[in-house]
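Participant: kindly return the folded structure for what I paste below:
(4 chains)
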Protein chains: 2
Amino acid sequence: MPVAKGTSLDPARTREGILAAATGLLYRHGLDGVGVSELCRAVGASKETLYRHFGSKDGLIAAVLEERSARVTHWIAEAATAAGPRPADRLAAVFDALGEWYAEPDFRGCAIVNAATQRHADPARAIAATHLGRYLTMLGDIAADAEAADPGLLARQLLMLLEGATVVADHHDTATAAADAKAAALALLATAAPTRKQAP
Amino acid sequence: MPVAKGTSLDPARTREGILAAATGLLYRHGLDGVGVSELCRAVGASKETLYRHFGSKDGLIAAVLEERSARVTHWIAEAATAAGPRPADRLAAVFDALGEWYAEPDFRGCAIVNAATQRHADPARAIAATHLGRYLTMLGDIAADAEAADPGLLARQLLMLLEGATVVADHHDTATAAADAKAAALALLATAAPTRKQAP
DNA sequence: GCACGATCGAACCGATCGGTACGACCCCCT
DNA sequence: AGGGGGTCGTACCGATCGGTTCGATCGTGC
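Facilitator: Next up, the predicted model:
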């Protein structure tokens, strides 16, 4: 409960606060499951402030999705690079990170893909496309380092495992999804790059 | 445009007509993207008729999803059994069928999973869970026939590929999704059941 | 031949939606 | 000291939503 009436913090701080609170609410309740008034009450901001910062509800949604896409992909990429140089280790780390995410109590699937599903018009769908593109780039790096015969193909297949695991974890089987997907991903990697051993 | 005012057809026929028309509209526009009034106009039925048959919009949605789940899974299973006795052929046929689906001009992802994403309350999510369960059963049969070391694991991995391919085809890369997923599925099958050849 | 059941079309309801307007407040800067 | 900008809270707007009701209509089975 920082601010009182007039603001002491700079507007950028206000904007970030709205963004952070809206991210959770829109994810949990769905884009159409929470109204702007309710959003403002939970955020602790007035409608006027929200609309000055984001222009419209869709503007707020777009900002939320862009920020979340950047943060999530960065988090996954960090987990991968922290696992060391070996492609198999990096790939395993990606799915281990997903497993932590799936285990969170209010896991609800991929927020960006979910949003694109709920909005058939442009903004959300475009963001989802670039979001998947970011994943594909990261997986493509792993595939290339593993000297896969067709790194692009392997990356697209790994992306399907990643998104499929997320869907299955959301709608069917939360417990084993990440581990199952990890095993499948490592099997695909081994099949696509049989020449590479773990020589130093 | 069969019926005029009073009905000559039996109520079951009316119900089926509403169901069929609503299936397409709700899929294309999303569950919240089309109102009941618009739905009635497109269907050619009055609100009173719709509400007598389905009770509520959610009741209509549930009926649409149940019917679609049964029809889709039956269609995929038919494609698999028509491909012959060999597990690899049946698995390939599944993803070939998915490829036909992805290529349809108004493909929008899996209607049941999409609906479950849009509705955080019970009915749609429960239907999605049983829908994935049906897929899992079919894939489990293939895995078992292939004498996979762990048929349940393989089936869950294949399910992720199926759902992941659908997500990717919807939001990123429609063209190669099915073929990429098919190759990955066959590779997983070969890895999980290396003993089995195609002896007669 | 007549009542019954299914249907239509349109009016209607309260609720809620996204978005705007306004007066009051308070902090920062000059 | 004082003014301007960011904010709050609330009231308000038109539109639309899901759902109900009602009179008129028409085919079918008794």
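Participant: which residue ranges form the strands in chain A?
Facilitator: With DSSP state E, there are no strands along chain A.
Participant: pLDDT weak spots in it?
Facilitator: Under the criterion pLDDT under 70, the flagged ranges of chain A are A:1-9, A:11, A:195-200.
Participant: so which residue is dead centre in chain A?
Facilitator: In chain A, the centroid-proximal residue (C-alpha atoms, centre = their mean) is residue A:72; its distance is 4.1 Å.
Participant: distance of the residue nearest to residue A:151 when sequence neighbours are not counted relative to residue A:156?
Facilitator: With sequence-adjacent residues excluded and distances taken as C-beta to C-beta, 6 or more residues apart in numbering or on different chains, residue A:151 is closest to residue A:143, at 3.8 Å. Any C-beta I mention is one placed from the backbone N, CA and C, and that applies to glycine too. The gap separating residue A:143 from residue A:156 is 9 Å, by C-beta to C-beta, to the nearest Å.
Participant: same thing with residue A:129?
Facilitator: On the measure of C-beta to C-beta, residue A:129 and residue A:156 end up 14 Å apart.
Participant: for residue A:34, phi and psi?
Facilitator: Residue A:34 adopts backbone torsions of phi -140, psi 130, taken as degrees, to the nearest 10.
Participant: residues contacting it?
Facilitator: Residue A:34 is in contact with A:25, A:26, counting by C-beta atoms under 8 Å, 6 or more residues apart in numbering or on different chains.
Participant: what of residue A:61?
Facilitator: A:26, A:31, A:115, A:119, A:123, A:124.
Participant: scan the residues you listed and report the most crowded one.
Facilitator: residue A:115 (26 neighbours; other C-beta atoms under 10 Å in any protein chain shown).
Participant: quick check: closest non-adjacent residue to that residue.
Facilitator: residue A:124 (4.5 Å).
Participant: before we move on, what about residue A:89?
Facilitator: Closest to residue A:89 by C-beta to C-beta, 6+ apart is residue A:83, at 4.5 Å.
Participant: check residue A:54 too.
Facilitator: residue A:60 (4.0 Å).
Participant: that neighbour: how many residues sit nearby?
Facilitator: Burial of residue A:60 is recorded as 22 neighbouring residues (other C-beta under 10 Å).
Participant: show me what contacts it?
Facilitator: The contact partners of residue A:60, by C-beta under 8 Å, 6+ apart, come to A:18, A:19, A:22, A:39, A:50, A:53, A:54.
Participant: 7 Å instead, please
Facilitator: By C-beta atoms under 7 Å, 6 or more residues apart in numbering or on different chains, the contact set of residue A:60 is A:22, A:50, A:54.
Participant: quick one: buried ones out of the residues you listed?
Facilitator: Using 16 or more other C-beta atoms under 10 Å in any protein chain shown as the burial test, these include A:22, A:50, A:54 as buried.
Participant: the second one touches residue A:18, doesn't it?
Facilitator: It stands for residue A:50. Yes: using C-beta atoms under 7 Å, residue A:50 is in contact with residue A:18, at 6.0 Å.
Participant: measure the residue nearest to residue A:89 to DNA strand C for me?
Facilitator: 41 Å (C-beta to the nearest atom of the strand, to the nearest Å).
Participant: next one: residue A:113
Facilitator: 20 Å.
Participant: got it, and residue A:90?
Facilitator: Taken as C-beta to the nearest atom of the strand, the span from residue A:90 to DNA strand C is 41 Å.
Participant: excluding chain neighbours, what is closest to that residue?
Facilitator: Residue A:90 sits nearest to residue A:80 (C-beta to C-beta, 6+ apart), 4.3 Å away.
Participant: residues contacting the one you found?
Facilitator: So residue A:80 contacts A:90, A:93, A:94, A:138 (C-beta under 7 Å, 6+ apart).
Participant: what two of these are the furthest from one another?
Facilitator: Using C-beta to C-beta, the two most remote members of the contacts of residue A:80 are A:93 and A:138, lying 11.3 Å apart.
Participant: need the residues of chain A near chain B, please.
Facilitator: Residues of chain A lying close to chain B by C-beta under 7 Å from any C-beta of the partner chain are A:29-30, A:32-33, A:109, A:113-114, A:116-118, A:120, A:125, A:128-129, A:132, A:153, A:156-157, A:159-165, A:167-168, A:171-173, A:176, A:180-181, A:184, A:187-188, A:191.
Participant: mark which of those are buried, thanks.
Facilitator: Buried among the residues of chain A next to chain B by 16+ other C-beta under 10 Å: A:30, A:33, A:109, A:113-114, A:116-118, A:125, A:128, A:132, A:153, A:156-157, A:159-165, A:167-168, A:171-173, A:176, A:180-181, A:184, A:187-188, A:191.
Participant: looking at chain A, which residue is nearest chain B?
Facilitator: Closest contact between chain A and chain B, by C-beta to the nearest C-beta, is at residue A:164 (2.6 Å).
Participant: okay but that residue is in contact with residue B:156, surely?
Facilitator: No: between residue A:164 and residue B:156 there is no contact under C-beta under 7 Å: 9.9 Å.
Participant: what's the nearest residue to residue A:23 if we skip its chain neighbours?
Facilitator: Residue A:23's closest residue in space is residue A:64 (C-beta to C-beta, 6+ apart), at 5.0 Å.
Participant: can I assume the one you found is in contact with residue A:27?
Facilitator: No: taking contacts as C-beta under 7 Å, residue A:64 lies outside contact range of residue A:27: 8.5 Å.
Participant: who has more neighbours out of the two?
Facilitator: The neighbour comparison of residue A:64 against residue A:27 (other C-beta under 10 Å) goes to residue A:64, with 27 against 21.
Participant: show me the contacts for the residue nearest to residue A:89.
Facilitator: A:89, A:90, A:92, A:93.
Participant: list the residues that contact residue A:152.
Facilitator: Here residue A:152 is in contact with residue A:140 (C-beta under 7 Å, 6+ apart).
Participant: that one and DNA strand D, how far apart?
Facilitator: Distance from residue A:152 to DNA strand D, by C-beta to the nearest atom of the strand: 42 Å.
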